[in-house]
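J.: my questions concern the predicted model and sequence given below.
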Amino acid sequence: MAGTTITRADLTDAVYRSVGISRNESATFVERVLEELAASLEKGETVKISSFGTFSVRDKKLRMGRNPKTGEEVPIAPRRVVTFRASHVLKDRINEGHRTSRAAE
């Protein structure tokens, strides 16, 4: 599965197959979950999904950067960034899959 990307359509299809609701209802469900997640982060709230991880917003201060072409110092504006911290359950699951695939090689 290396090199593949899971899209909203893939998530919608997975909900459709697993739950058995219509494709339109599945798409609405996935959109609503993502909207709720984004709205919470926009308000500065932390979103914790048990056994998966924690999404949070961090404020970054003004700092000086450097233009790689000219070497000129350029101010980088303050901004908010989203961070994700994977749970130990998710980390263990990923590493277990990695260990079993490496053993097969």
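T.: On my side now, so go ahead.

J.: so where do the helices sit in the chain?
T.: 8-19, 23-42, 88-104 (DSSP state H).

J.: hey, least reliable of these by pLDDT?
T.: Ranked by mean pLDDT, the helices of the chain bottom out at helix 88-104, with a mean of 78.

J.: which residue sits farthest out from the middle of this structure?
T.: Thr70 (34.0 Å; CA atoms, centre = their mean).

J.: coming back round to it: tell me which of the helices of the chain lies nearest to Val81.
T.: helix 23-42 (10.4 Å; CB to CB). Every C-beta, even on glycine, is put in place using the N, C-alpha and C of the backbone.

J.: buried residues, that closest one. List them.
T.: 26-27, 29-30, 41 (16 or more other CB atoms under 10 Å).

J.: please name every helix or strand in contact with it.
T.: Contacts defined by 3 or more CB pairs under 8 Å, 6 or more residues apart in numbering; DSSP states H and E place helix 23-42 against helix 8-19, strand 47-49, strand 53-60.

J.: just send those back as a markdown table, with mean neighbour count and distance to Phe84 too.
T.: Compiled in a markdown table, these are given as follows (neighbours: other CB atoms under 10 Å; distance: least, CB to CB, whole Å):
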| stretch | mean neighbour count | distance to Phe84 |
| --- | --- | --- |
| helix 8-19 | 14 | 17 |
| strand 47-49 | 13 | 10 |
| strand 53-60 | 14 | 5 |
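
J.: what would those look like in a markdown table with distance to Glu96?
T.: Below are the helices and strands packed on helix 23-42 laid out as a markdown table (distance: least, CB to CB, whole Å):
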| stretch | distance to Glu96 |
| --- | --- |
| helix 8-19 | 21 |
| strand 47-49 | 19 |
| strand 53-60 | 16 |
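
J.: so what's His98 up against?
T.: Residues counted as contacts of His98 (CB atoms under 8 Å, 6 or more residues apart in numbering): none.

J.: hmm, back to that, of all the helices of the chain, which one is nearest Ser51?
T.: helix 88-104 (4.3 Å).

J.: against Glu96, how distant is the most centrally placed residue in the chain?
T.: The chain has Phe84 as the residue nearest its centroid, 6.5 Å off, counting by CA atoms, centre = their mean. Distance, Phe84 to Glu96, by CB to CB, to the nearest Å: 20 Å.
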